[in-house]
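Asker: here are the coordinates; sequence isn't available:
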Ligand code: ADP
Ligand code: MG
């Protein structure tokens, strides 16, 4: 019963080779395996992730005259000793699988000497799945849900695929399962522990952008090429242990698309990685057994594991696969583990095996030649024939190099020194290969139906994935129907048997219906229970949810508050920062001002010092000038004074002469001459001693008055003496005007009447009297005395105003003494009389002395007890 075919649009024509001008070089990668022993000599070094360096090992150098050579080889990428299988897969194989899933062909092979890690890389080692299981894993991870039912796709012997509807496929499955030796492998079988750890890939790898509106089928085949013969490793041949038949070799054929294929090769449809790897493992086992039995060296054979991915679009309903063979896309990924590339002599093979080995070597040599010719053709535009047909290996992959597809090669190297020469050969081959360019595979043709058909069908409740239909399950549980073919007219058994079988089926159906009803009731009850439980849970969860929401809202509020606080603080910080800036500015300004002021002060200070120095100079200069001036003036004044004195003397003499007229004697001129001589002997500027100070001293001492001139007086000149003597003479002769009293007589009288009347003698205005301690002092002159200072002489000269003559007023005794003592120091003239307490005092200046004299005069009128108040100042230092 075939489903009605849905009309499909024409497949858009995609001309093959329309993109052939786009070519990619063969991707050549290098994997360096770790040394077997750490102390092994190494001759390969990974320089960076694209370069390796080979250097001549020690032993090799000895043979070659110690030549040391280093050669570097570049690859698309170099994988060092620590590279994991996953890393290698991601870079090398992942893009090939991706291409496969998008309908493009790919070829991946490992090349290298025996023991370099080809099989480890391709198949893997225990616990380390290689590229093969990883590729399978990625494929099934990607197409998992979109796989077609088993036998929907059926491979034919023309290297293409047939398609059949799902029911046909189901019936075929049943038929095959009814066979004594069921050929349909179960995808739910237990995994062989032998390889279990090689396919349990932890990393989930999946291709992107898988066309969901297609169904997919995976077919694997596994062949071995040994001695230029192709053997099918998956072929089921009954094994005869007595006379084992040598395996039949297969032939290569070319399909209508010019792809080469192994005619009659077993191709197994697989539904999972485990199933696919199990198939591979079966082939691997067979290979090993055959090699042992046939005494072959396994390293001398090439193995090719082919993965063919078939995809067909879903029909317009998205329910069934489109039953159009032309719409089927087949892509192929060939994983090739090449034989060891070492030369024959290395294995020391002999006889038959040597010949075989030579052939194997031949196939690799052919591969090499093919690559070289290809490169030459591509590089120089030549059209040399590529010798693909010279070996089965190259012939099989002819289409990859001539047609299109992605080709990648992993060069495996063992860095040990023993492999140096072989490794060099491998590197040279790799160099050639990566210069060969292969046409980039074209994109898959678009089927022209609206995308998203599967999804729409699923939404309508259509089948999902690879799950078996319920009807299939039921059908399988029914007892098989007996043959209903009636060949004999007398056959009375077939029909009753059929009736019986059908009745049995009917009864079974009734039982099943009852069972179903019962189960549905139970299920309903269960559902109800479950519903209630769910409701309870829902309520409980709702309560919890509300609680949590409350907490969350509380936390939100707190968050808001904190945010506000944060903002305020930020604002404050901003303000503070601004204030700081202002203060800093102020500080800077003030500092500047301070500096300016300091500078100004410094300037002023230096100005002041300069000024001081100048003033000092001026003062010194002025002082010197004035000193000179003073000296000059003093000299002038002295001269003048001396002249005056002489004039006075003259006058006095004349006066004396007049007074002593009765006497005939005239003052002798010669005596004046003597005086003058005396004067010339005196100091330059003798100044007379003031009378007043002399008096005060005498009076305060309370001792003799005029009679005892003990004080150091300086007589101005000898002329003074002569004047005084003249006057005394004159006074003795002429009684004094108005109550004349001789000083000496007074003194005498005192001595006679001690302690007598202290009554002040009333004196005339012209008579100077002075009282002290009740003693009467009578000045020498009775004339009115006027005191004037002569600033030039600094002397204490008192002028008398009488008759217009000026008379020096001094103590006669003192003058006498002084005239005797001759020159005395100027200082003694200024010495003050000793105070009653014994201290020495000094007349500070002329003015004071004058005032004292005046007051003395005034005091004479004040009466007894009068004390002179003008105390002399303490002697200045
Ligand atoms: P080949 O297939 O080239 O003859 P194999 O793959 O059989 O070499 O490797 C030989 C040995 O070296 C194996 O035991 C394998 O486990 C080990 N081997 C190879 N390559 C590696 C590798 N990259 N890391 C660890 N061991 C490796
Ligand atoms: Mg190997």
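Answerer: Ah, there it is. Remember, it's a predicted structure, so these values are computed and weren't measured experimentally. Ligands and ions are numbered 1, 2, ... in the order given.

Asker: quick one: end-to-end length of stretch 249-256, please.
Answerer: 23 Å (CA to CA, to the nearest Å).

Asker: buried ones in that stretch?
Answerer: By neighbour count on 16 or more other CB atoms under 10 Å, the buried set for stretch 249-256 is 249, 250. C-betas here are computed from N, CA, C, even on glycine.

Asker: state the helix or strand in which the closest residue in space to residue 372 that isn't next to it in sequence lies.
Answerer: The shortest distance from residue 372 to any non-neighbouring residue, by CB to CB, 6 or more residues apart in numbering, is to residue 432 (5.6 Å). Here residue 432 is covered by helix 420-433, with elements defined by DSSP states H and E.

Asker: and the host helix or strand of residue 309, is it in reach of ligand 1?
Answerer: Using DSSP H and E, the element containing residue 309 is strand 302-313. No: applying CB under 6 Å from any ligand atom, one finds strand 302-313 separated from ligand 1 by no less than 10.0 Å.

Asker: now the element after that strand, going C-ward?
Answerer: Heading C-terminal from strand 302-313 (DSSP H and E), you reach strand 329-337.

Asker: that following strand vs strand 302-313, what angle?
Answerer: 160 degrees (axes from the mean of the first three to the mean of the last three CA atoms, to 10 degrees).

Asker: hang on, the earlier thing: and the residue nearest to residue 372, how far from residue 35?
Answerer: Distance, residue 432 to residue 35, by CB to CB, to the nearest Å: 27 Å.

Asker: neighbouring strands - and their directions - for the strand holding residue 309?
Answerer: When sheet partners are counted by DSSP bridges, strand 302-313 sits next to strand 214-226 (antiparallel), strand 329-337 (antiparallel).

Asker: winner for burial among the ones you listed?
Answerer: Among the strands paired with strand 302-313, ranked by average contacts under mean count of other CB atoms under 10 Å, first place goes to strand 214-226 (a mean of 25).

Asker: that one close to ligand 2?
Answerer: No: on the criterion CB under 5 Å from the ion, strand 214-226 is out of touch with ligand 2, staying 11.9 Å away.

Asker: count the residues that sit near residue 557.
Answerer: 10 (other CB atoms under 10 Å).

Asker: and it, what pLDDT?
Answerer: With respect to pLDDT, residue 557 scores 95.

Asker: so is the strand holding residue 309 next to ligand 2?
Answerer: No: using CB under 5 Å from the ion, strand 302-313 never reaches ligand 2; the gap is at least 8.4 Å.

Asker: tell me the mean pLDDT for that strand?
Answerer: 95.

Asker: number the residues from 37 up from this point.
Answerer: Sure, I'll start counting at 37 from here, so that last one is strand 338-349.

Asker: tell me the bridge partners for residue 250.
Answerer: Beta bridges link residue 250 to residue 349, judged by DSSP bridges.

Asker: first-to-last residue distance for stretch 78-93?
Answerer: 7 Å.

Asker: what's the separation between residue 492 and residue 484?
Answerer: Taking CB to CB, one finds residue 492 at 17 Å from residue 484.

Asker: residues of the stretch 237-386 of the chain that sit close to ligand 1?
Answerer: Counting by CB under 6 Å from any ligand atom, the residues of the stretch 237-386 of the chain lying close to ligand 1 are 335, 376.

Asker: mind redoing it with 8 Å?
Answerer: By CB under 8 Å from any ligand atom, the residues of the stretch 237-386 of the chain that approach ligand 1 are 335, 373, 376.

Asker: nearest to residue 83 among the residues you listed?
Answerer: Looking at these and their distance to residue 83, the nearest is residue 376, at 25.8 Å (CB to CB).

Asker: out of everything not next to it in sequence, what's closest to the closest one?
Answerer: Computed as CB to CB, 6+ apart, the closest residue to residue 376 that is not its neighbour in sequence is residue 150, at 3.2 Å.

Asker: pretty sure that neighbour sits against residue 378.
Answerer: Yes: with contact defined as CB atoms under 8 Å, residue 150 reaches residue 378; the gap is 6.1 Å.

Asker: those two: which is more packed in?
Answerer: Shown here are residue 150 and residue 378; by other CB under 10 Å, residue 378 has more neighbours (24 against 19).

Asker: circling back: and the strands paired with strand 338-349: which comes nearest residue 681?
Answerer: Nearest of those to residue 681, taken as CB to CB: strand 365-373 at 158.0 Å.

Asker: average pLDDT across the closest one?
Answerer: 95.

Asker: same thing with stretch 90-104?
Answerer: If you average the pLDDT values across stretch 90-104, you get 76.

Asker: can you give me the neighbour number for residue 514?
Answerer: That count, for residue 514 with other CB under 10 Å as the rule, works out to 13.

Asker: tell me which element the nearest residue to it once chain neighbours are set aside falls in.
Answerer: Nearest in space to residue 514, with sequence neighbours left out and distances taken as CB to CB, 6+ apart, is residue 541 at 5.7 Å. Counting by DSSP H and E, the element that carries residue 541 is helix 530-695.

Asker: from the contact counts, what lies against that helix?
Answerer: Helix 530-695 sits against helix 705-717, helix 754-769, with contacts defined as 3 or more CB pairs under 8 Å, 6 or more residues apart in numbering; DSSP states H and E.

Asker: which bits of this structure sit near ligand 1?
Answerer: 67-70, 72, 117, 119, 146, 148-159, 161, 164, 335, 373, 376, 448, 450.
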